[in-house]
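> Take this sequence and fold it.
(one chain, ligands or ions: 2)
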Amino acid sequence: MSGLPGAGPQAPRVPNVPAVPNVLSIAGSDPSGGAGIQADLKSIAACGGYGMAAITALTAQNTRGVSGVHVPPAAFLTEQLEAVAADVRLDAVKIGMLANVEVVHAVGAWLEELRAGGAAAGTDDGARLPAVVLDPVLVATSGDRLSESGSVAALRQLLPLADLVTPNLAELAALRGRPVATGWAEALEQARELSAGYGVLVLAKGGHLAGKDCPDALVGPDGVLLEVPGVRVDTPNTHGTGCSLSSALATLFARTGDWARALVLAKAWLRGALEASGQLEVGGGHGPVHHFAALWSGGGVPREEASLGSWWDGIADLRASIDGLGFIRELRDGTLARADFEHYLAQDALYLQTYGRTLSQASALAPDLAAQRFWAESAHGCMVSELTLHQGRLELADGALPAVAPSATTTGYLNHLQAAAASGSYPVLAAALLPCFWLYQDIGTRLAAANRPDHPYADWLAMYSSLEFDEATRRAIGWVQAAADTARPAELEAMRTAFRESSRWELEFFDQRAPQASPRARESAGVAADL
Ligand SMILES: Nc1ncnc2c1ncn2[C@@H]1O[C@H](COP(=O)(O)OP(=O)(O)O)[C@@H](O)[C@H]1O
Ligand SMILES: Cc1ncc(COP(=O)(O)O)c(N)n1
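Ligands and ions are numbered 1, 2, ... in the order given. Modelled structure (predicted):
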């Protein structure tokens with residue numbers, strides 16, 4: 001999930017990753033402090049950046065609604081932008097409320113100039129260009145218009161100058177000239193069309209969906225690149241969530257150089273800010289989120305070591321070793337000897353029985369109902385779908401397990417999982433369980449390209465590249481990320497260690513071959529010789 005390419009025409013920025021990135025917000029002012037530049041400056045600071053603001057409009061608003069908008073001459077906005085850019089290295093730019101066509105054009109002209117300047121300085125690889133996040137603000141949470149209706153066409157022209165655009169459902173529909181999506185799948189399709197049409201990475205946001213889920217997804221021209229699940233926080237305090245998220249993304253991308261990682265961190269931070277919003281007492285309508293909740297409670301800025309993207313990068317060596325195994329190559333080509341495949345399946349069936357138990361233990365230890373349900377559903381999927389596939393392949397009666405002894409590798413891996421369960425730490429156990437989702441989904445998806453109706457292992461390839469398994473993996477990543485976000489340093493370290501250790505066992509597990517036994521011995525061990 002790391003290293004997602006920007007879909008925009010600019011080369012993905014390979015930043016020097018400044019310790020404290022300079023982030024410029026080009027947005028309107030909200031005097032009640034929950035949205036606009038006020039929210040942006042707080043979000044940038046909370047996420048570890050140095051915030052700056054060029055004001056596009058003054059609004060008179062509070063948590064209940066907008067009563068007035070004053071737009072200074074567009075030429076003065078240009079003057080602000082030029083003053084900042086002439087002096088300060090810009091690592092990221094977040095663009096928010098642009099009230100009319102003149103203002104949109106002023107920002108577009110400045111961005112073009114910035115690019116031309118970068119190209120003239122020989123930085124056509126984009127190395128010194130700031131990452132640009134465009135939040136196409138049209139309507140406030142209160143329902144009041146913040147941009148003249150004629151600005152939508154001008155905003156579309158701005159899209160190719162951005163790296164990432166973050167519309168809510170209504171803004172996405174307006175940019176596409178479509179009715180507002182009524183479901184998540186429809187929103188993702190509109191986002192894909194927008195990305196393909198304008199060459200920009202799109203963040204589809206689920207804040208306005210009905211129901212308890214609040215997912216966000218990075219979408220490119222070919223579809224979803226990363227979906228981050230989210231459970232809706234039950235609060236009226238959603239004023240400025242879009243502003244806060246987009247400036248957090250700009251800041252975290254400048255810090256990490258990775259949109260996927262930036263999204264995972266930003267969403268976790270925003271969830272904490274929403275959850276803590278009740279601690280503030282600001283107005284009687286839709287109140288602001290608590291931007292500094294994590295900082296004030298000692299959590300500090302979002303931690304790189306808690307990002308699952310960095311965990312995934314941290315096992316790159318193990319993933320490369322798995323890809324290099326003869327077993328995997330032969331499985332893909334369909335040349336893997338049946339005996340080896342059956343041996344692997346028999347060991348995996350034994351593994352799944354105990355893996356299912358530890359999934360149930362994660363459910364038992366889970367901190368809330370939603371997580372409890374997820375792990376219980378996963379235990380069911382493991383015991384029913386996966387184990388049934390293995391039993392069918394091994395021609396075992398329903399409920400029977402292969403009559404073979406677990407190999408040293410199977411025993412070692414299961415001991416590791418059971419130790420994680422016995423630690424009593426839900427985060428550590430969840431982290432230990434994750435590689436069995438993530439590595440299989442990753443391998444399954446890549447091997448699926450080799451699948452064909454006559455492939456001898458077509459059913460195995462189909463299971464691990466299925467949409468259902470993909471979805472289960474995304475959700476598992478989301479739950480482990482949620483646990484990592486709130487883990488104390490020592491527990492986080494234990495989670496990372498457990499995750500890597502399970503990944504190492506996965507490598508060993510794939511490296512098992514059938515013992516060179518006589519057919520009679522194999523038969524007596526319960527594996528039919530003619531399979
Ligand atoms: N009640 C909520 N609980 C959790 N996340 C939320 C909630 N409302 C909005 N979000 C998140 O806030 C961000 C802004 O989303 P959205 O409300 O769709 O955009 P906007 O503020 O631009 O209208 C998204 O990451 C969304 O998932
Ligand atoms: C100046 C200004 N800019 C943007 C918003 C939108 O806020 P939200 O993030 O809730 O969509 C706002 N209410 N005021």
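
> what residues are up against the closest residue to ligand 1 within the stretch 51-200 of the chain?
Of all residues in the stretch 51-200 of the chain, residue 168 sits closest to ligand 1, with a separation of 3.5 Å (CB to the nearest ligand atom). No exception for glycine: its C-beta is placed from N, CA and C like everyone else's. Residue 168 is in contact with 205, 207-208, 242, counting by CB atoms under 8 Å, 6 or more residues apart in numbering.

> try residue 385
Counted by CB under 8 Å, 6+ apart, residue 385 has contacts residue 463.

> Quick check, pLDDT for it.
Per-residue pLDDT puts residue 385 at 85.

> How is it assigned, secondary-structure-wise?
helix (DSSP: H, G, I helix; E, B strand; the rest coil).

> Would you mind measuring from it to residue 239?
Here the criterion is CB to CB, to the nearest Å. By it, residue 385 lies 43 Å from residue 239.

> Likewise for residue 173?
Distance from residue 173 to residue 239, counting by CB to CB: 22 Å.

> quick one: which of the two has more around it?
residue 239 (29 against 17; other CB atoms under 10 Å).

> Wait, the more buried one touches residue 207, no?
No. At 11.9 Å, residue 239 and residue 207 do not qualify as touching, with contact defined as CB atoms under 8 Å.

> Any stretches of this structure with poor pLDDT?
1-17, 119-127, 298-299, 517-531 (pLDDT under 70).

> now, which of the contacts of residue 168 lie within strands?
Judged by DSSP state E, the contacts of residue 168 include residue 205 as members of strands.

> can you list the contacts of residue 168 in a markdown table and add neighbour count and distance to ligand 1?
Shown next, in a markdown table, are the contacts of residue 168 (neighbours: other CB atoms under 10 Å; distance: CB to the nearest ligand atom, whole Å):
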| residue | neighbour count | distance to ligand 1 |
| --- | --- | --- |
| 205 | 26 | 4 |
| 207 | 17 | 2 |
| 208 | 17 | 5 |
| 242 | 24 | 2 |
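
> what two of the contacts of residue 168 are the furthest from one another?
Farthest pair in those (CB to CB) is 208 and 242. Separation: 10.0 Å.

> State the three-state secondary structure for the residue in the stretch 251-400 of the chain that ligand 1 sits nearest to.
Closest residue of the stretch 251-400 of the chain to ligand 1, CB to the nearest ligand atom: residue 274 (5.1 Å). Following three-state DSSP, the label given to residue 274 is helix.

> mind checking how far residue 186 is from residue 245?
21 Å.

> Which one's more surrounded, the two?
Higher neighbour count among residue 186 and residue 245: residue 245, with 28 against 16, using other CB under 10 Å.

> Quick check: that one touching residue 266?
Yes. Between residue 245 and residue 266 there is a contact under CB under 8 Å: 5.9 Å.

> Does anything pack onto the top strand by length along the chain? Which helices or strands?
With secondary structure taken from DSSP E, the chain has its longest strand at strand 50-61. Where contact means 3 or more CB pairs under 8 Å, 6 or more residues apart in numbering; DSSP states H and E, strand 50-61 is packed against strand 22-29, helix 36-46, strand 66-70, helix 74-87, helix 101-120.

> export the ones you listed to CSV and tack on mean neighbour count and distance to ligand 2?
Output for those, formatted as CSV (neighbours: other CB atoms under 10 Å; distance: least, CB to the nearest ligand atom, whole Å):
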stretch, mean neighbour count, distance to ligand 2
strand 22-29, 27, 3
helix 36-46, 26, 3
strand 66-70, 14, 7
helix 74-87, 15, 14
helix 101-120, 17, 12
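
> would you list those in TSV and tack on distance to ligand 1?
Listed next are those as TSV, based on distance: least, CB to the nearest ligand atom, whole Å:
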stretch	distance to ligand 1
strand 22-29	12
helix 36-46	10
strand 66-70	14
helix 74-87	22
helix 101-120	18
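
> where along the chain do the strands fall?
Under DSSP E, the chain gives strands at 22-29, 50-61, 66-70, 92-95, 131-134, 164-165, 201-205, 216-220, 223-228.

> and the first one, which strands flank it?
I take that to be strand 22-29. Strand 22-29 pairs in its sheet with strand 50-61 (parallel), strand 92-95 (parallel), by DSSP bridges.

> Equivalent analysis for the shortest one, please.
Looking at strand 164-165 with DSSP bridges, its paired strands and their directions are strand 131-134 (parallel), strand 201-205 (parallel).

> Among those strands, show me which one is buried the most.
strand 131-134 (a mean of 28; mean count of other CB atoms under 10 Å).

> residues in the stretch 251-400 of the chain within reach of ligand 1, list them.
Taking CB under 6 Å from any ligand atom, the part of the stretch 251-400 of the chain that reaches ligand 1 is made up of 267, 270-271, 274.

> With distance to ligand 2 and neighbour count as extra columns, can I get those in a markdown table?
As requested, those are exported to a markdown table (distance: CB to the nearest ligand atom, whole Å; neighbours: other CB atoms under 10 Å):
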| residue | distance to ligand 2 | neighbour count |
| --- | --- | --- |
| 267 | 15 | 25 |
| 270 | 11 | 25 |
| 271 | 15 | 20 |
| 274 | 12 | 22 |
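
> and those residues as JSON lines, adding distance to residue 116?
As requested, those are exported to JSON lines (distance: CB to CB, whole Å):
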{"residue": "267", "distance to residue 116": "34"}
{"residue": "270", "distance to residue 116": "35"}
{"residue": "271", "distance to residue 116": "40"}
{"residue": "274", "distance to residue 116": "40"}
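
> Now do the same contact list for the nearest residue to residue 407 once chain neighbours are set aside.
Of all residues not flanking residue 407 in the chain, residue 347 sits nearest, at 5.5 Å (CB to CB, 6 or more residues apart in numbering). Contact partners of residue 347, counting by CB under 8 Å, 6+ apart, are 404, 406-407, 409-410, 509, 512.

> what's the distance between residue 347 and residue 501?
Relative to residue 501, residue 347 is positioned 18 Å away (CB to CB).

> And for residue 200?
From residue 200 to residue 501 the distance is 40 Å (CB to CB).

> Just want to know which of those two has more residues nearby.
residue 200 (25 against 19).

> so what's that one up against?
Contact partners of residue 200, counting by CB under 8 Å, 6+ apart, are 7-8, 134, 159-160, 162-165, 194.

> Quick check: of these, which lies closest to residue 397?
Using CB to CB, residue 7 comes nearest to residue 397 of the contacts of residue 200, at 50.9 Å.

> For stretch 491-502, list the C-alpha coordinates in PDB.
Extracted in PDB, the C-alpha atoms of stretch 491-502 (Å, rounded to 0.1, in the frame of the first residue of the first chain):
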ATOM      1  CA  GLU A 491       2.800  -2.100  23.000                       C
ATOM      2  CA  LEU A 492       3.300  -0.600  19.600                       C
ATOM      3  CA  GLU A 493       6.800  -2.100  19.500                       C
ATOM      4  CA  ALA A 494       5.400  -5.400  20.500                       C
ATOM      5  CA  MET A 495       2.800  -5.100  17.700                       C
ATOM      6  CA  ARG A 496       5.400  -4.400  15.100                       C
ATOM      7  CA  THR A 497       7.500  -7.300  16.300                       C
ATOM      8  CA  ALA A 498       4.500  -9.700  16.300                       C
ATOM      9  CA  PHE A 499       3.600  -8.500  12.700                       C
ATOM     10  CA  ARG A 500       7.100  -9.200  11.400                       C
ATOM     11  CA  GLU A 501       7.400 -12.500  13.200                       C
ATOM     12  CA  SER A 502       4.100 -13.800  11.700                       C
END
